[in-house]
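> next input, structure requested:
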Amino acid sequence: MLDKNKLSTSGDSVVTEESKLEETNNTIDGEVKVSDDVLAQIALSAMATVPGVEQASPGLMANLRLGRKMVNGIRVSTDEEDNPEIIIDLYVAVKYGLRIPDVCWDVQEAVKEKVEKLTGYTIKNVNVYVQEITFPNNEDISISNDADSDNDIDAQNNEN
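Numbers count the residues shown, from 1 in each chain. Below you'll find the model as predicted:
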């Protein structure tokens, strides 16, 4: 005699309506959100993989705790949707002698790739703000424009 609850048989296993209901009831409702601090830490680790880039020292606004929250020179903005879009602002120092646009492009790509990979979120923008230039061996290299150099030469000529 066949049991009414049996749906199919294959070998030794039997699937019943009751076990089928148990499987569908095992789904968990809820949501997973990643905090802005964690997103900033991921962005910082991605930025560290790009040669010649460091986090910039915090500015006056950050020291006074004014404006939006910043973690290690990184500011994260997320919109509150089911699949949030993220905007990441990075404040960096670039090593002297490197081509700044190329370095910034590498930072943007590294951060975008790593954050999207680890969180599944969509990155809307990665904004890189170069706030400092770092010099090797703490050398003090002064950069002056040509107009100032011409004025210095004219002043020296007038004295003679």
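> report all helices and strands that the strand ranked longest in the chain contacts.
Longest strand in the chain, counting residues (DSSP state E): strand 122-134. For strand 122-134, the packing partners by 3 or more C-beta pairs under 8 Å, 6 or more residues apart in numbering; DSSP states H and E come out as strand 85-95, helix 100-119. For glycine as for every other residue, the C-beta is placed from the backbone atoms N, C-alpha and C.
> lowest mean pLDDT across the ones you listed, which one is that?
Looking over the helices and strands packed on strand 122-134, mean pLDDT reaches its minimum on strand 85-95, with a mean of 92.
> quick check: angle from it to helix 100-119?
140 degrees (axes from the mean of the first three to the mean of the last three C-alpha atoms, to 10 degrees).
> could you check the angle strand 85-95 makes with strand 122-134?
20 degrees.
> quick one: buried residues of strand 85-95?
I86, I88, D89, L90, Y91, V92, A93, V94 (16 or more other C-beta atoms under 10 Å).
> for stretch 38-53, same thing?
L39, A40, I42, A43, L44, A46, M47, V50, G52, V53.
> return the closest of the buried residues of strand 85-95 with respect to E132.
Set against E132, the nearest of the buried residues of strand 85-95 by C-beta to C-beta is A93 (3.7 Å).
> who's in contact with that closest one?
Residues near A93 by C-beta atoms under 8 Å, 6 or more residues apart in numbering: V53, E54, Q55, A56, S57, V130, Q131, E132, I133, T134.
> least confident pick among the residues you listed?
Among the contacts of A93, S57 has the weakest pLDDT, 74.
> in three-state terms, label that residue for me.
Of the three states, S57 takes coil according to DSSP: H, G, I helix; E, B strand; the rest coil.
> oh, and call the first residue 231 from now on, that's how I've got it
Got it, the first residue is 231 from now on, which makes the last one we talked about S287.
> wait, it sits on N302?
No. Counting by C-beta atoms under 8 Å, S287 stays clear of N302, with 10.7 Å between them.
> with neighbour numbers in mind, choose between the two.
N302 (15 against 12; other C-beta atoms under 10 Å).
> adding distance to T308, write the buried residues of strand 315-325 out as CSV.
Shown next, in CSV, are these (distance: C-beta to C-beta, whole Å):
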residue, distance to T308
I316, 5
I318, 10
D319, 12
L320, 16
Y321, 18
V322, 21
A323, 26
V324, 27
